[in-house]
Every structure is written in structure tokens, then in C-alpha cells.
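**Student:** Provided below are the primary sequence and the corresponding predicted coordinates.
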Amino acid sequence: QVRLVESGGGLVQTGGSLRLSCAASGSIFSIDAMGWYRQAPEKQRELVAGITSDGSTNYADSVKGRFTISRDNNNNTVYLQMNSLKPEDTAIYSCNLKGRIAAWSRSYTYFWGQGTQVTVSS
């Protein structure tokens, strides 16, 4: 089974920066993509940023130019550098992994971390 452990959340003032990390451990045949989602109180979970195994990235419009996702394939770790943070970025940020659990797998399996709180004060 795959375990995702996030770190790096916390409280920061408007305009500040945080760097989230998500380390994947356990047995998996291949990782197709990893990403960060967030969910604010009374809002639906949304994709913040994603990165594929070949390094292609995508971002929510609301974070483009401020957040950067990167990945260390050797250590199965994904990072989210968040700059120029705004109060509306306050949410629980969760790491997601999309991969194949075995060579014979015909479909992808998705794994989630426990989430880390990011709070931006005004």
C-alpha cells in the first residue's frame, strides 16, 4: 500500500510564502502523476496544481504565477512552493498520487494524504 505524508503547512501573513512537501512511500509499480488539492470550509475540493511523470504541469487559474509544483522522482516526493499568499488560499491542502499498483494493472489507483492546514492571515 502507498502512504503519502504531507508537511509544510502553517500560518502565514498575506504576501508570505510556504513550501509544502509530500513524500510517497510503499509499494507501487509506477507513478503517473502527483498533485495538490485544497478544500476551504464550505467549498468543494479543487485541484491546485499537478505534475506528471514527464514533468508536465498544470495549475488552477487562481494560483498561476504564484505557486510552483515540482517533483523529485528519485524520492517520490512532490513539492508546492506557494508565494504571494492570499487569505483566499486558506484551506486544507492534500496530496494526491495517481499510479499503477502492479505491472498487470489495467487502471489507475489514486491515493491521498491526510492533508495539511494552510492559513493566510490578512
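**Tutor:** Received it, and whenever you're ready, just let me know what you need.
**Student:** show me the beta-bridge partners of the residue nearest to the spatial centre of the chain.
**Tutor:** By C-alpha atoms, centre = their mean, the chain has its centre lying nearest to W36, at 2.3 Å. Beta-bridge partners for W36, by DSSP bridges, are A49, C95.
**Student:** gap between R71 and Q117?
**Tutor:** 23 Å (C-beta to C-beta, to the nearest Å). From N, CA and C alone the C-beta is placed, and that goes for glycine too.
**Student:** looking at those two, which has the bigger crowd around it?
**Tutor:** R71 (20 against 11; other C-beta atoms under 10 Å).
**Student:** and that one, that one's in a helix?
**Tutor:** No. Secondary structure of R71 (DSSP: H, G, I helix; E, B strand; the rest coil): strand, not part of a helix.
**Student:** contacting residues around it?
**Tutor:** Residues near R71 by C-beta atoms under 8 Å, 6 or more residues apart in numbering: 34, 51, 55, 77-79.
**Student:** what sits closest to V120 if chain neighbours are left out?
**Tutor:** Once flanking residues are discounted, V120 sits nearest to L85: 4.6 Å by C-beta to C-beta, 6 or more residues apart in numbering.
**Student:** just the pLDDT for G35.
**Tutor:** pLDDT, G35: 97.
**Student:** that one: what's it in contact with?
**Tutor:** 47-51, 69, 78, 95-96, 98.
**Student:** quick revisit: report the secondary structure element holding the residue nearest to V120.
**Tutor:** Using DSSP states H and E, L85 sits in no helix or strand.
**Student:** report the contact partners of it.
**Tutor:** Taking C-beta under 8 Å, 6+ apart, one finds 12, 14-18, 66, 118, 120 in contact with L85.
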